[in-house]
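Visitor: This is a predicted model, with the sequence first.
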Amino acid sequence: MKNSARTAVFLRFLAAVALAALAVPGVAEARGARSPGVYDGVWNVTFATTRGTCSSGYSVPFTVAGGRVSSAGGGRVSGSVSRAGGVAVQVSVGASHAAGGGRLAGNSGAGSWRGVISGDNCSGTWQATRS
(Lines give C-alpha, C1' and ligand atoms only; values in the text may rest on other atoms or scores of the structure.)
Protein backbone atom coordinates (compact mmCIF):
# COMPACT_ATOMS: atom_id res chain seq x y z
CA MET A 1 0.00 0.00 0.00
CA LYS A 2 1.39 3.46 -0.93
CA ASN A 3 2.27 5.90 1.85
CA SER A 4 -0.56 8.27 0.92
CA ALA A 5 -3.08 5.40 1.00
CA ARG A 6 -1.82 4.19 4.41
CA THR A 7 -1.97 7.74 5.74
CA ALA A 8 -5.50 8.16 4.42
CA VAL A 9 -6.58 4.92 6.12
CA PHE A 10 -5.00 6.06 9.42
CA LEU A 11 -6.66 9.50 9.26
CA ARG A 12 -10.07 8.01 8.39
CA PHE A 13 -9.72 5.62 11.32
CA LEU A 14 -8.79 8.56 13.57
CA ALA A 15 -11.90 10.44 12.38
CA ALA A 16 -14.07 7.38 13.13
CA VAL A 17 -12.59 7.13 16.65
CA ALA A 18 -13.31 10.81 17.30
CA LEU A 19 -16.87 10.45 15.98
CA ALA A 20 -17.42 7.42 18.22
CA ALA A 21 -16.38 9.49 21.21
CA LEU A 22 -18.96 12.13 20.31
CA ALA A 23 -21.70 9.50 20.05
CA VAL A 24 -21.14 8.05 23.53
CA PRO A 25 -23.07 10.11 26.09
CA GLY A 26 -21.40 10.72 29.42
CA VAL A 27 -17.86 9.69 28.43
CA ALA A 28 -16.36 12.73 30.14
CA GLU A 29 -18.56 12.29 33.21
CA ALA A 30 -17.60 8.62 33.52
CA ARG A 31 -13.94 9.61 33.57
CA GLY A 32 -14.43 12.20 36.31
CA ALA A 33 -14.45 15.35 34.19
CA ARG A 34 -13.45 18.60 35.79
CA SER A 35 -15.76 21.58 36.03
CA PRO A 36 -16.89 23.10 32.71
CA GLY A 37 -14.23 25.09 30.91
CA VAL A 38 -14.43 28.08 28.63
CA TYR A 39 -13.25 25.91 25.70
CA ASP A 40 -15.71 23.03 26.22
CA GLY A 41 -17.55 21.86 23.12
CA VAL A 42 -17.03 20.16 19.79
CA TRP A 43 -14.08 21.44 17.76
CA ASN A 44 -13.55 20.67 14.06
CA VAL A 45 -9.79 20.35 13.51
CA THR A 46 -8.26 20.45 10.01
CA PHE A 47 -4.74 19.06 9.57
CA ALA A 48 -2.20 20.15 6.93
CA THR A 49 1.10 18.38 6.28
CA THR A 50 4.08 20.67 5.70
CA ARG A 51 6.88 18.09 6.00
CA GLY A 52 6.77 14.42 4.97
CA THR A 53 4.54 12.37 2.69
CA CYS A 54 1.44 12.10 4.93
CA SER A 55 -1.90 13.10 3.42
CA SER A 56 -3.22 16.57 4.14
CA GLY A 57 -6.55 18.36 4.47
CA TYR A 58 -8.44 15.96 6.75
CA SER A 59 -10.93 17.38 9.26
CA VAL A 60 -11.60 15.57 12.52
CA PRO A 61 -14.06 16.55 15.30
CA PHE A 62 -12.76 16.49 18.88
CA THR A 63 -14.59 17.17 22.12
CA VAL A 64 -13.22 19.30 24.95
CA ALA A 65 -14.90 18.74 28.34
CA GLY A 66 -13.64 20.25 31.56
CA GLY A 67 -10.38 21.19 29.89
CA ARG A 68 -9.69 17.60 28.78
CA VAL A 69 -9.55 16.14 25.29
CA SER A 70 -10.42 12.45 25.15
CA SER A 71 -11.79 9.72 22.90
CA ALA A 72 -13.28 6.26 23.08
CA GLY A 73 -12.70 3.37 20.70
CA GLY A 74 -9.72 1.66 19.09
CA GLY A 75 -7.41 4.67 19.03
CA ARG A 76 -6.24 6.80 21.92
CA VAL A 77 -6.69 10.55 22.04
CA SER A 78 -5.72 12.42 25.18
CA GLY A 79 -4.75 15.92 26.07
CA SER A 80 -5.70 19.11 27.76
CA VAL A 81 -6.64 22.72 27.19
CA SER A 82 -5.45 25.23 29.81
CA ARG A 83 -7.58 28.12 31.05
CA ALA A 84 -5.43 30.40 28.89
CA GLY A 85 -6.19 28.26 25.81
CA GLY A 86 -2.92 26.34 25.52
CA VAL A 87 -3.46 22.95 23.86
CA ALA A 88 -1.43 19.74 24.21
CA VAL A 89 -2.77 16.54 22.57
CA GLN A 90 -1.41 13.04 21.89
CA VAL A 91 -2.98 10.60 19.41
CA SER A 92 -2.08 6.96 18.81
CA VAL A 93 -3.59 4.25 16.64
CA GLY A 94 -1.60 1.04 16.43
CA ALA A 95 2.02 1.89 15.62
CA SER A 96 1.09 5.38 14.36
CA HIS A 97 1.29 8.28 16.79
CA ALA A 98 1.31 12.05 16.77
CA ALA A 99 1.44 14.96 19.19
CA GLY A 100 0.33 18.52 18.75
CA GLY A 101 0.20 21.81 20.53
CA GLY A 102 -1.10 25.28 20.01
CA ARG A 103 -3.64 27.74 21.30
CA LEU A 104 -7.41 28.24 21.30
CA ALA A 105 -8.98 31.69 21.58
CA GLY A 106 -12.72 32.27 21.45
CA ASN A 107 -14.10 29.88 18.82
CA SER A 108 -10.93 29.23 16.83
CA GLY A 109 -7.41 27.98 17.28
CA ALA A 110 -4.22 26.94 15.54
CA GLY A 111 -1.00 25.09 16.17
CA SER A 112 1.40 22.45 14.93
CA TRP A 113 1.69 18.67 15.02
CA ARG A 114 4.42 16.06 14.54
CA GLY A 115 4.29 12.29 14.34
CA VAL A 116 5.08 8.95 12.77
CA ILE A 117 2.16 7.77 10.63
CA SER A 118 2.43 4.39 8.93
CA GLY A 119 6.20 4.58 9.37
CA ASP A 120 6.56 8.06 7.83
CA ASN A 121 7.88 11.02 9.84
CA CYS A 122 5.57 13.95 9.19
CA SER A 123 4.73 17.31 10.66
CA GLY A 124 2.43 20.18 9.91
CA THR A 125 -0.13 22.62 11.18
CA TRP A 126 -3.71 22.45 12.40
CA GLN A 127 -6.59 24.91 12.56
CA ALA A 128 -9.71 24.50 14.67
CA THR A 129 -13.17 26.03 14.88
CA ARG A 130 -15.80 25.38 17.53
CA SER A 131 -19.19 24.16 16.32
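Guide: Received, thanks. Residues are numbered from 1 along each chain as shown.
Visitor: For the rest of this, base every contact and every neighbour count on C-alpha atoms.
Guide: Fine.
Visitor: wait, isn't residue 92 in contact with residue 114?
Guide: No - contact criterion CA atoms under 8 Å: residue 92 and residue 114 do not qualify, at 12.0 Å.
Visitor: Can you check which residues contact both of these two?
Guide: Both residue 92 and residue 114 are contacted by residue 98, under the criterion CA atoms under 8 Å, 6 or more residues apart in numbering.
Visitor: residue ranges with poor pLDDT in the chain?
Guide: Within the chain, the segments meeting pLDDT under 70 span 1-35, 72-75.
Visitor: Which parts of it are helices?
Guide: 3-23, 27-30 (DSSP state H).
Visitor: Contacts only, for residue 112.
Guide: 100-102, 123-126.
Visitor: Just give me the closest of those to residue 43.
Guide: Residue 43 lies nearest to residue 126 out of the contacts of residue 112, by CA to CA, at 11.7 Å.
Visitor: Now for the contacts of residue 112, which sits with the most neighbours around it?
Guide: With neighbours taken as other CA atoms under 10 Å, the top of the contacts of residue 112 is residue 123, carrying 22 neighbours.
Visitor: What separation is there between residue 109 and residue 94?
Guide: In this view, residue 109 and residue 94 are 28 Å apart by CA to CA, to the nearest Å.
Visitor: Spit out the contact partners of the closest residue to residue 61 other than its chain neighbours.
Guide: In space, and not counting its chain neighbours, residue 61 is closest to residue 44: 4.3 Å by CA to CA, 6 or more residues apart in numbering. Counting by CA under 8 Å, 6+ apart, residue 44 touches 59-62, 128-131.
Visitor: ok, 7 Å please
Guide: Residue 44 makes contacts with 59-62, 128-130, as judged by CA atoms under 7 Å, 6 or more residues apart in numbering.
Visitor: Neighbour count for the residues you listed - can I get that in TSV?
Guide: Converted to TSV, those look like this (neighbours: other CA atoms under 10 Å):
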residue	neighbour count
59	18
60	19
61	21
62	23
128	23
129	17
130	19
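Visitor: Walking through this structure, point out its strands one by one.
Guide: For the chain, the strands defined by DSSP state E cover 41-51, 58-65, 68-70, 76-81, 86-93, 96-105, 108-117, 120-130.
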